[in-house]
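fold the following.
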Amino acid sequence: MRLPEALRADIAREGESGYPYECCGLVLGREDPEGVRLAVSLVRTNNSREGEDRRRRFVIEPGDFLRAEAEAGALGLGVLGIYHSHPDHPPIPSAHDLAHALPFFSYLIVGVEKGEAKELTCWLLRADRTGFDPEPLEPV
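Now for the predicted structure:
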C-alpha cells in the first residue's frame, strides 16, 4: 500500500491520543490497474468497545462503515482497509484480529508504547484465513 506521510502521521497521532485504549478507523483510497493500493484519506471512528476491553479490542459500528463507504463513493474512492492501535503491544495482528478480519482489506496497526506511537505495519488476510501476510507500506 502506498501511504502518504500525512496519513501515517495522522494514524500515529490518533494512536497516541487514544492511549491507553485502541483507536480505530478506515482507510479510503483507490487501487490502480496493477493492484497497487493508494491511500487517500482516513475516516476516524470511535472505538465502541465497552470498558476496559477497549485496551485490547476495538469495534467499528456498522453505521461508521456505511458512512465511510458513502464518503468514499462521493470521492470516487473505496474503503481499502482498517487501521487500529496496539497499546503496549507489538503492531502484529492478534488472534482476535484474525477472527474478525475481512477479505480484501489492508490492516494497518500502529504500536503505541507508553503513549508514544512507534512502528506502523500493514497486513493482508490470507485467502485461506489462516493468518496474515505483511503488506509493504510505501511512502508517497
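
all helices in this protein, in order from the N-terminus.
When secondary structure is read from DSSP state H, the chain shows helices at 5-18, 62-74, 95-100.

out of those helices, deepest packed?
Mean neighbour count (mean count of other Cβ atoms under 10 Å) peaks for helix 5-18 among the helices of the chain, with a mean of 17. In this view, the C-beta of every residue, glycine as well, is placed from N, C-alpha and C.

of the helices of the chain, which is nearest residue 26?
Ranking these by their distance to residue 26 (criterion: Cβ to Cβ) puts helix 62-74 first, at 4.3 Å.

show residues contacting stretch 48-67.
Identification of contacts with stretch 48-67 by Cβ atoms under 8 Å, 6 or more residues apart in numbering yields 20-26, 43, 45-47, 79, 82, 84, 87, 89, 94, 96.

quote the end-to-end distance of that stretch.
Start-to-end span of stretch 48-67 (Cα to Cα, to the nearest Å) is 15 Å.

buried stuff in that stretch?
Buried positions in stretch 48-67, judged by neighbour count with 16 or more other Cβ atoms under 10 Å: 49, 54, 55, 57, 58, 59, 60, 64.

let me know the pLDDT of the fourth one.
If I follow you right, that is residue 57. pLDDT, residue 57: 93.

please apply the same query to the second one.
Residue 54 is assigned 88 on the pLDDT scale.

could we number from 26 for the rest of this?
That works, and once the first residue is 26, the last one we named lands at residue 79.

where's it relative to residue 43, distance?
Noted for residue 79: a distance of 9 Å to residue 43, by Cβ to Cβ, to the nearest Å.

any shared contact partners between these two?
residue 72.

right, and residue 156 touches residue 124 too?
No. Using Cβ atoms under 8 Å, residue 156 makes no contact with residue 124, being 11.4 Å away.

roughly how far apart are residue 157 and residue 44?
23 Å.

how near is residue 57 to residue 91?
When Cβ to Cβ is the yardstick, residue 57 and residue 91 sit 26 Å from each other.
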